[in-house]
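S.K.: just a sequence and a predicted model for now, questions to come.
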Amino acid sequence: MATFSPSLTIGPHCLNFGTTESSRLSVIRYLCKSKMGESLQRIDVGRKLFPGEVVQNAMQFLQWSRDLRCLAASRVSVEQTEQSFTTSSEVDELKKLSTYLFRTEIGGQVKVFVGKKSVKYVVDIEVSSMQLSSDDSQLVLSGGVYRSDHDIKNRIIETPFIARSSSELALELEFEAKEAPFYFSFLLKASSSANSTGSEIRSHRKTSFCVPIGFDQGYPAPLGLSFSTDGSMNFAVYSRNAENLVLCLYDDTGSEKPALELDLDPYVNRTGDIWHASIEGAWTFVSYGYRCKGDREAFHAERVILDPYAKVIGSSIPNHHESGLLLKHLGRLCKEPAFDWSGDVFPNLPMEKLVVYRLNVMRFTEDKSSKLPADVAGTFSGVTEKVEHLKDLGINAVLLEPIFTFDEQKGPYFPCHFFSPTNLYGPSNGSVSAINSIKEMVKNLHANGIEVFLEVVFTHTAEGGALQGLDDLSYYYRNRNEDLEARNALNCNYPVVQQMILDSLRHWVTEFHIDGFCFINASCLLRGFYGEHLSRPPLVEAIAFDPLLSMSKIIADCWDPHDMMPKEICFPHWKRWAEMNTKFCTDLRNFLRGEGALCSLATRLCGSGDIFSDGRGPALSFNFIARNFGLPLVDLVCFSNAELASEISWNCGEEGPTSKTAVLERRLKQIRNFLFILFFSLGVPVLNMGDECGQSSGGSLSYGSRKLLDWDAMKTGFGIQTTQFISFLSSVRMRRSDLLQKGNFLKEENIEWHGSNQSPPGWEDPSCKFLAMTLKADKAESQLSSEASQLKGDLFIAINVADKEESIILPPTPEGMAWRRLVDTALPYPGFFSVDGKAVCEQKTGLVAYEMKSRSCTLFEACADGS
C-alpha cells in the first residue's frame, strides 16, 4: 500500500504527493462563490511547501482530524485552477444532482449539492443560518477524500468560504470523474484575527460532514443488488449491529483482494438498519461483497461476506482468515439473465394426484452410463434429458434435493445462500448458465405435465461462507442458545430472517416458476428468539397465508440433517401445510418385518387420520419408504445388523449380498410389498432416485455413501421389472382415482375390513399378520356411466406378512361383475401384475377363494363381465 511523502511539492498545476498517474485522485479545481461575482486572483502555487507551511488566504495543509480519511492504496494530488463564480442556475444544469443536508453542532445548516458536468463532478457547498463568534470571523472548509478505513490519514486542503448574502456562505469544488468513486469529508473552521488557528465545527453528531462523489447514497429497498432505469446499481444490505460497513468491489473474478473498497458512511448511507449505496453502471467491476466492522467478537473486519440477497453468484475464491482457509462467494454485478417463459404454464396439479420422485441433480445423470455429453451430465439440463424416464414411471412431480449454493464439503443440506442455484449444476459451472439451465428444465418439465419442488433448508447454514459476520446477533442464535449456536442455526422467526426466507420463496416462484417447497428440519421453524418452542410461529403462518405462495405446495419435513433423524412433532398447519409422513415409514417397515400392529397398518392405508384428520385430509400426507439419508429401499431388505437398529430393516434371513435363491426371492417380494402399499395407501407416494433399479449404499447410512445413479442398472432384470411395476402402480392409482387419490378421507360405508377366513381383523392380537380391505366404489358415480365397460367396481386389497399361506375369500360382487386379479407380489415376473387382470374362478358355490403366499400382497378389482 502506498504511503504519503513527508514533504509536499506544489507545481504550476497540481499538488502531487508522489503518486503515479494511474493511482492518483485529483481535485481539479475549487471555486469560491461571491456575493457580487467578482473575479478572484490566481493563487500562487509555484513553490515547495513543507509540513505546517501555509499558502496565504487560499490553501493550508494541516494534520487531518481523526474523522477524515484519505484515499487508500494511492496518494492524493490536488490540482488547482482559476477561481470563478458559479450561479445557482448552473447548479440546476448539473447532471444527476444529489442533495445532502446537515445540521451543525452550533446551529445552522450545511447543504451540499453533488452533480456531474461533462467529465467532472461538481460539489457545491452552502452554509446558512450559522452564528459565528465574532464579526471578523472567517469560515474555512477543511477537508479531504477517502474511500475506506484502509486509507492513510494525512494532510488536507483548506479553503475559505465566500459570502453570498448576509446569512449564506458558499464554496464550489470540482473533481475528475475518472477518479471516482470516493467520499469527500470535511469540517468547518471559524478563524479570526485573534485566533488564527480557528475552532472546528462539526455536524450535530460530532462527526465530519461526508458526501459521496461518483456514487449516490442509494435506497434502502429493495434489499440486494438492483438496477435503475439509468443503469446505476443500488446496493442494500441489512446489518443492525455493524458499526461500519464496507462495500468491496472486484474487477477480476479470480482476485482475492477487492479493486475498490467504499466505507459506507453511517449517516449518508444508512436508513434504519439498512446500509445502502448506488454507483453508476459504467464501472468495470464484476463482483462485490461486504466487510462489516463492530464488536470484534461478533464481526470479522477482514472477512468479505456474500450479499444475502445476491441473485447471481460468482465462483468461489479463497478467503484467508485467521480461522483458516475459507471459500468466499461473491455476488455478480449483473442482472439476472432474461428468459423466455412464453408458453409456460404451471401444472397446478391437485395434491392427491401427485406421484413424487426425489432426486439429486448431480447424481441423477453424472454417471457415464447416462450417455449424456460431459457438459450436460450432472446438471439441470441432464434432468431435462431424462424426462421420458420420469414419465415412464408415472411421475408428475420431481423433488430436487437442495440446489442453493452450499458447503461442498458437507453437502447440499448446509447452504451458504438462498436466492440462486449452485453453479455446480450449470453446464459450464457458471452462475448464468446454471440459472438459464434450471429455467429450461422447469419449462420442459412443465410442458410434460411434471411439477418441480425444491427441498429447502432455512433453519441453519454452512459453518463458513454464509451469513456469519454480517450480523450474527440478528441472523443466528448467538449468545442465546449454545446448542443452536454450535449448529449455525438461523433465528428463523426473527423479523429480518423471516422476511429473507419469504423473499427467497417468492423469488423462486416468480423468477424460476417453482411449484412447491419441502422444508427440511421443519421442526426448527417453530423456535422463538431464544430457541423456545412456539405454538404459533410467525414464519410458518406467514408462509401459509402469503398471497404469492398461495398456489405453491408447502411441505414440512422434520428430518434433521445434523443427527440424520426425523423428529415427530405436532406441526401447526393452518390447513395448508403438508407433511412428510414419518409414521407411515416406520409403521410400514415394522409391519413388513412382522412386528407391527394391524391397527397401525390400517391407519396408514387410510391416509393417517391420526395426523391429518385435523382439517387437512390424506392428500397432505407425503408417504415414503426410504429417503436419501439412511438405507435405500433395496438395503432395507438386505441389511439389519445392530448398528442399523434405528432403520427398522430386515435382511430376509442373511446379512448383505447373497446368492441363496430363497433369500433373494423373499427380498424381491418385500420390495414389491413396500411399493404396493406405498401406492395403494391414501396420500402422496414419494419415490427415491434409484429405488426403481436397486441402487444400494452397501448398508451405509451416510449421505456421502450414496452413489451416482447407474443407468445401466435400469436394463437388468430387477431394473426392468421394478420400473414396469412402478409404472403399473401409477397407472392404477390414476385410473382408480375415485378410491386411491382422495382429497378427503373415505367414508365408513366405502370401506370394509377383513381378517382370516372372513372373520373380523384381530386388531388387538399382536400375532395377527393378515389384513384385507374392500374399497367400495361410489354407486351413484358409477351409475352415471352409460357403458358397462366404464363401470367402476370395488377394489379388494390383502396383505399377508406371516410366514404361512393364507386362504382368502373375496366378498361377493354386484351382478354382472367379477373379480380380476391385478397384483400378486408372490408370483414370478412378468405374471405378478397385469394391466387387464386375470380372472379368478369360483372355487365354492357363490364364493371366490384365493390362496395367498407368505409375505405377499394382492389386489383384485371387480370388473364387468367380458370387459
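M.R.: Good, I have the coordinates. Quantities reported herein were computed from a predicted structural model and do not represent experimental measurements.
S.K.: pull the residues that contact stretch 127-143.
M.R.: Contact partners of stretch 127-143, identified using C-beta atoms under 8 Å, 6 or more residues apart in numbering, comprise 60, 62, 65, 68, 104, 106-111, 125, 156-161, 167-171, 184-194, 198-201, 208. No exception for glycine: its C-beta is placed from N, CA and C like everyone else's.
S.K.: filter those down to the buried ones, PyMOL style.
M.R.: If you want just the buried ones from the contacts of stretch 127-143 in PyMOL, going by 16 or more other C-beta atoms under 10 Å, the selection is:
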select buried, resi 60+65+68+104+108+110+125+156+157+158+159+160+161+168+169+170+171+184+185+186+187+188+189+190+191+192+198+201+208
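S.K.: which ones among the contacts of stretch 127-143 map onto strands?
M.R.: Secondary structure of those is defined by DSSP state E; positions in strands are 60, 109-111, 125, 157-160, 168-171, 184-191, 199-201.
S.K.: let me know the helix or strand that residue 655 is in.
M.R.: Using DSSP states H and E, residue 655 sits in no helix or strand.
S.K.: what's the distance between it and residue 199?
M.R.: As defined by C-beta to C-beta, to the nearest Å, residue 655 lies at a distance of 88 Å from residue 199.
S.K.: which residue packs closest to residue 275, ignoring adjacent ones?
M.R.: Closest residue in space to residue 275, ignoring its immediate chain neighbours: residue 245 at 4.6 Å, by C-beta to C-beta, 6 or more residues apart in numbering.
S.K.: what does residue 186 give?
M.R.: Counting by C-beta to C-beta, 6+ apart, residue 143 is the residue found nearest to residue 186 once chain neighbours are left out, at 2.8 Å.
S.K.: pairing partners for the strand or helix carrying the one you found, with directions?
M.R.: Taking DSSP H and E as the definition, one finds residue 143 inside strand 138-146. In the sheet containing strand 138-146, its partner strands are strand 157-160 (antiparallel), strand 182-191 (antiparallel), by DSSP bridges.
S.K.: tell me where the stretch 401-550 of the chain has helices.
M.R.: Secondary structure of the stretch 401-550 of the chain, counting by DSSP state H, counting those that start in this stretch: helices at 431-447, 472-475, 482-486, 495-512, 538-545.
S.K.: for the second one, give the mean pLDDT please.
M.R.: Read that as helix 472-475. Mean pLDDT, helix 472-475: 90.
S.K.: same question, the fourth one
M.R.: Rounded to a whole number, the mean pLDDT of helix 495-512 is 97.
S.K.: with the first one instead?
M.R.: Here helix 431-447 scores 96 as its mean pLDDT.
S.K.: packing partners of that helix?
M.R.: Contact here means 3 or more C-beta pairs under 8 Å, 6 or more residues apart in numbering; DSSP states H and E; on that basis helix 431-447 packs against helix 380-385, strand 451-456, helix 495-512.
S.K.: try 10 Å
M.R.: Contacts of helix 431-447 with other secondary structure elements, assessed using 3 or more C-beta pairs under 10 Å, 6 or more residues apart in numbering; DSSP states H and E, are made with strand 331-332, helix 361-365, helix 380-385, helix 387-393, strand 397-400, strand 451-456, helix 495-512.
S.K.: what's the second one in contact with?
M.R.: Residues outside helix 361-365 that contact it (C-beta atoms under 10 Å, 6 or more residues apart in numbering): 357, 359, 370-372, 376-386, 389, 398, 400-403, 412, 421-422, 424-425, 437-438, 441, 628, 689-690, 695, 706-709, 711.
S.K.: and what of stretch 651-664?
M.R.: Contacts to stretch 651-664, defined as C-beta under 10 Å, 6+ apart, come from residues 593, 635-641, 644, 665-670, 696, 698-699, 718, 855.
S.K.: assign the residue nearest to residue 275 to helix, strand or coil.
M.R.: The three-state label for residue 245, taken from DSSP: H, G, I helix; E, B strand; the rest coil, comes out as strand.
S.K.: separation between it and residue 306?
M.R.: Applying C-beta to C-beta to residue 245 and residue 306 gives a distance of 14 Å.
S.K.: comparing the two, which residue is more hemmed in?
M.R.: It is residue 245, of residue 245 and residue 306, that has more neighbours when counted by other C-beta atoms under 10 Å, with 27 against 24.
S.K.: so what's the residue lying closest to residue 103 once chain neighbours are set aside up against?
M.R.: The spatial neighbour of residue 103 that comes closest, neighbours along the chain excluded (C-beta to C-beta, 6+ apart), is residue 204 at 4.3 Å. Contacts for residue 204 were tallied using C-beta under 10 Å, 6+ apart; they are 102-107, 267.
S.K.: what do you get if the cut-off is 8 Å, keeping everything else the same?
M.R.: By C-beta under 8 Å, 6+ apart, the neighbours of residue 204 are 102-105.
S.K.: any idea how far residue 464 is from it?
M.R.: The separation that residue 204 has from residue 464, given C-beta to C-beta, amounts to 41 Å.
S.K.: then residue 776?
M.R.: In this structure, residue 776 and residue 464 are separated by 59 Å, where distance is defined by C-beta to C-beta.
S.K.: do the same with residue 97
M.R.: 43 Å.
S.K.: who's more crowded, these two?
M.R.: With other C-beta under 10 Å as the criterion, residue 97 and residue 464 differ in neighbour count, and residue 464 comes out ahead with 20 against 14.
S.K.: do I have it right that residue 376 meets residue 385?
M.R.: Yes: taking contacts as C-beta atoms under 8 Å, residue 376 lies within contact range of residue 385: 6.3 Å.
S.K.: run through the stretch 751-867 of the chain and note the low-pLDDT ranges.
M.R.: For the stretch 751-867 of the chain, the stretches with pLDDT under 70 are 780-790, 842-846, 866-867.
S.K.: OK, contacts around the residue nearest the centre of the chain?
M.R.: Centroid check for the chain by C-alpha atoms, centre = their mean gives residue 418 as the closest residue, at 2.0 Å. Counting by C-beta under 8 Å, 6+ apart, residue 418 touches 308, 404, 456, 458, 500-501, 504.
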